[in-house]
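In: heads up, no residue letters with this:
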């Protein structure tokens, strides 16, 4: 800081403007640097939590994308499958396929079936679903009966956790889920390539299950898809039309002001309130089936409607009035001016608002819990009226289950949900850039 | 301006106008924006086929009056128009009159060129298409080409008809807007300071265009530039603070005005 020299005559000379500015300048620059630091610190703070969140989810969930399976040579014994030889469907359905699978495993591991308990212990390494898998294979290829075929059979969740190094071998044998003998078999099978970790397509195709190895988000994905379609088909046309009316045609008076305030409020109402509304009206009053994705879609559409209206109104308001005047000046009616000129120019904004609204609805859980989409649904629904569930609800249901397999699946499903949301937002940005026109 | 003077002035106007058929007749037109009385007791006749200029300082109401003629003021909330405006002896503020049809007869060119963000072709084709003046592809093409030719733009854009209209230069955009206005075959063209956003060469081109257009259309132009009014118009009206002060043949207004205020404006004392 420069100090002005005082003249000796006794009268103080006033410092010049330049000197005053110069004396304060360092302090100003220091304040500016501090301000920048605060900004950077805030960004780093936010990013740190994001990184912690993502790394914790990914580290817990990436294993769910792999699933252990045994590669077995199964002899499709006609004596067990179809003693009569008539290939009747009922007979084929009821045969004891798990015995065939266990036999194949025993042969592969060179286990002596005469040792007491070994046969059952070996069978315990296979998933309870192995039965169904073999049955489906035989039903698809009845001609293979009598031959020896190579099939992949899902391993039991316990064996799977050993393969994923999640099984605690330190616990004394009496309290463990797998005996030492079983562990030895698993290690041998893995070394010989009989037991492998494969990409878990079942995660995407299976429905709910009490065994983690056969549980997947298939039902949830289809349920969420039906709901998104319902939201798209309901909320977007209604929302755009309401916004066009409010913005272009409605008179500016107390009533329309009231409507605008209410729409803005609706956008902020907690989602569970919409769930209660849906329960009272759609399920109790209209009698729609509980747990159906149609009902979920209706509730989510109500939730998304205010968002679409607000986004559309903003997009329409951003269209310069000169375009409207030009259209009206040429003799277009108000409706023609809106549909031929204003809406096409407002389209990017409407699209962005819609995608963001739908992405938000995709992640909603509370209203869906209220209308009962927490059911244990095994079969993938074919219509929106069949019981279904949604991705965030499925995550919630798995999060409350104790097994190791469900812990990894909770995080795995979360990864899938986050990937969907990220994809939708990226698409929103790309589409908005592509359709943006300069006027 | 006090009422007695205004009334006798109105009689003068009526007598002068009766000699030649007027296209547009305005009697006691008042415009209110909410409580603000923007235009006061305007009486004016616009002759058929020819250019009439409205001049005056900023905020005097000339654009407001122009926008009354094609009822564009209807789009402004809180705007109220009283009085009578007749085009070809039919009151355009009559409740039975369809505003959309009116705007097909009375076209408008705005101060800042505002072509639609569509192709040059689509800009001109839009009007005829929605009014049903041309329906087949050939008819539409013919209307577009004719309009572009009449606007003096065809030669410059004939290879670029599918390019966006917003990609043209300012002067070309304004001529495109003129082509768009004449494509619906109007009787009157209103121009609200059409050259104020353009450079002198583009301005000259448009003034030249106006003299060609007056053979077919009645043109009313609002302009800030007195030189422009002197160059292009046959009759001129001077507005001041919402009143129509004086109106008459252009040479008279510029060389020999009756009112002191007109004289002051012309000589640059204010405005």
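Out: Perfect, I can see it now. The structure displayed is predicted, hence computed values, not measured ones.
In: switch to C-alpha atoms for all contacts and neighbour counts from now on
Out: Noted.
In: residue A:292 pairs with what?
Out: As for beta bridges, residue A:292 partners with residue A:387 under DSSP bridges.
In: any idea which helix or strand carries residue B:216?
Out: Per DSSP states H and E: residue B:216 is located in neither a helix nor a strand.
In: excluding chain neighbours, what is closest to it?
Out: Once flanking residues are discounted, residue B:216 sits nearest to residue B:49: 6.6 Å by C-alpha to C-alpha, 6 or more residues apart in numbering or on different chains.
In: just the helices in the stretch 201-350 of chain A please.
Out: All helices of the stretch 201-350 of chain A, identified by DSSP state H, counting those that start in this stretch, fall at A:202-205, A:218-244, A:254-266, A:271-278, A:293-317, A:321-329, A:334-337, A:343-362.
In: what mean pLDDT does the first one get?
Out: Helix A:202-205 shows a mean pLDDT of 89.
In: which stretches of chain A have low pLDDT?
Out: Regions of chain A meeting the criterion pLDDT under 70 cover residues A:1-12, A:437-439.
In: which positions in chain A make contact with chain B?
Out: Within chain A, the residues that sit near chain B (C-alpha under 8 Å from any C-alpha of the partner chain) are A:322, A:323, A:326, A:328, A:329, A:330, A:331, A:332, A:333, A:341, A:438, A:439.
In: hmm, the fourth one is touching residue A:340, no?
Out: Looking back up the chat, that one is residue A:328. No. If you go by C-alpha atoms under 8 Å, residue A:328 and residue A:340 don't touch, sitting 11.3 Å apart.
In: check contacts around residue B:22.
Out: Residue B:22 sits next to B:45, B:46, B:47, B:48, B:88 when contact means C-alpha atoms under 8 Å, 6 or more residues apart in numbering or on different chains.
In: ok, and what's touching the one helix or strand residue B:146 maps to?
Out: Assigned by DSSP H and E, residue B:146 belongs to helix B:137-150. For helix B:137-150, the external contacting residues (C-alpha under 8 Å, 6+ apart) are B:121, B:124-125, B:128-129, B:134, B:154-155, B:176, B:179-180, B:182-183, B:213.
In: just stretch A:256-264 next, same as before
Out: For stretch A:256-264, contacts defined as C-alpha under 8 Å, 6+ apart pick out A:246, A:250, A:306, A:310.
In: could you do stretch B:114-121 as well?
Out: With C-alpha under 8 Å, 6+ apart as the test, stretch B:114-121 has contacts from A:322-323, A:326, A:341, A:438-439, B:123, B:144, B:160-166, B:173-174, B:176-177.
In: for stretch A:55-70, buried residues please.
Out: Buried residues in stretch A:55-70, counted by 16 or more other C-alpha atoms under 10 Å in any protein chain shown: A:57, A:58, A:60, A:61, A:63, A:64, A:65, A:66, A:67, A:68, A:69, A:70.
In: could you dump the residues you listed to TSV with distance to residue A:376 and secondary structure?
Out: TSV is the format used below for those (distance: C-alpha to C-alpha, whole Å; DSSP: H, G, I helix; E, B strand; the rest coil):
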residue	distance to residue A:376	secondary structure
A:57	24	helix
A:58	26	helix
A:60	24	helix
A:61	22	helix
A:63	24	helix
A:64	20	helix
A:65	22	helix
A:66	23	strand
A:67	22	strand
A:68	24	strand
A:69	25	strand
A:70	28	strand
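In: picking that back up, more neighbours: which of residue A:328 and residue A:340?
Out: Taking residue A:328 and residue A:340 together and counting by other C-alpha atoms under 10 Å in any protein chain shown, residue A:328 has the greater number of neighbours (24 against 14).
In: tell me the contacts of that one?
Out: Residues near residue A:328 by C-alpha under 8 Å, 6+ apart: A:334, A:337, B:72, B:100, B:103.
In: okay, now the residue lying closest to the third one once chain neighbours are set aside: neighbour count?
Out: In this structure, residue B:72 finds its nearest non-sequential neighbour in residue A:329, 7.5 Å apart by C-alpha to C-alpha, 6+ apart. Close neighbours of residue A:329, defined as other C-alpha under 10 Å, add up to 27.
In: now the one 10 residues further on
Out: Neighbour count of residue A:339, defined by other C-alpha under 10 Å: 12.
In: for it, give its distance to residue B:163.
Out: To residue B:163, residue A:339 is 22 Å away according to C-alpha to C-alpha, to the nearest Å.
In: now the strands for the chain?
Out: All of this refers to chain A. A:66-75, A:148-154, A:195-199 (DSSP state E).
In: ah, I was thinking of chain B
Out: Under DSSP E, chain B gives strands at B:22-33, B:36-47, B:50-55, B:79-87, B:90-91, B:106-109, B:188-192, B:218-222, B:235-240, B:243-249.
In: winner for burial among those strands?
Out: Counting by mean count of other C-alpha atoms under 10 Å in any protein chain shown, strand B:106-109 has the highest mean neighbour count of these, with a mean of 29.
In: run the contact check for that one versus chain A.
Out: Yes. Counting by C-alpha under 8 Å from any C-alpha, chain A has neighbours in strand B:106-109: B:107, B:108.
In: what average pLDDT does that strand get?
Out: For strand B:106-109, mean pLDDT is 94.
In: please apply the same query to stretch B:211-219.
Out: In this model, stretch B:211-219 carries a mean pLDDT of 90.
In: who touches it?
Out: By C-alpha under 8 Å, 6+ apart, the surrounding residues in contact with stretch B:211-219 are B:23, B:47-52, B:150, B:186-191, B:210, B:232.
In: centre-most residue in chain B?
Out: Residue closest to the mean C-alpha point of chain B, counted by C-alpha atoms, centre = their mean, is residue B:190 at 1.9 Å.
In: mind listing what that residue touches?
Out: Residues near residue B:190 by C-alpha under 8 Å, 6+ apart: B:66, B:106, B:107, B:108, B:109, B:219, B:220, B:221.
In: dump those residues to CSV, plus distance to residue A:315.
Out: Converted to CSV, those look like this (distance: C-alpha to C-alpha, whole Å):
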residue, distance to residue A:315
B:66, 31
B:106, 31
B:107, 28
B:108, 27
B:109, 26
B:219, 36
B:220, 35
B:221, 34
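In: of all those, which two lie farthest apart?
Out: B:106 and B:221 (12.9 Å; C-alpha to C-alpha).
In: got the buried residues for the helix holding residue B:146?
Out: B:140, B:141, B:143, B:144, B:145, B:146, B:147, B:148, B:150.
In: how about stretch A:223-243?
Out: Within stretch A:223-243, the residues that qualify as buried are A:223-232, A:234-236, A:238-240, A:242-243, counting by 16+ other C-alpha under 10 Å.
In: hang on, residue A:62 packs against residue A:410?
Out: No. Residue A:62 is beyond contact range of residue A:410, at 10.5 Å (criterion: C-alpha under 8 Å).
In: in chain A, which residue sits closest to chain B?
Out: Chain B sits closest to residue A:331 of chain A, with a gap of 4.7 Å, by C-alpha to the nearest C-alpha.
In: distance of that residue relative to residue A:363?
Out: 46 Å.
In: so between these two, which is more surrounded?
Out: Remark: of residue A:331 and residue A:363, residue A:331 carries more neighbours, 29 against 17, as counted by other C-alpha under 10 Å.
In: relative to residue B:180, how far out is that one?
Out: Using C-alpha to C-alpha, residue A:331 is found at 11 Å from residue B:180.
In: what is in contact with those two at once?
Out: Residues within reach of residue A:331 and of residue B:180 at once, by C-alpha under 8 Å, 6+ apart, are residue B:127.
In: ok so, going back, show me what contacts the residue of chain A closest to chain B?
Out: Residue A:331 neighbours (C-alpha under 8 Å, 6+ apart): B:100, B:101, B:102, B:103, B:104, B:127, B:131.
In: what about 6 Å?
Out: Counting by C-alpha atoms under 6 Å, 6 or more residues apart in numbering or on different chains, residue A:331 touches B:100, B:103, B:104.
In: switch the residues you listed over to CSV; also include distance to chain A and neighbour count.
Out: CSV is the format used below for the contacts of residue A:331 (distance: C-alpha to the nearest C-alpha, whole Å; neighbours: other C-alpha atoms under 10 Å in any protein chain shown):
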residue, distance to chain A, neighbour count
B:100, 5, 19
B:103, 5, 25
B:104, 5, 26
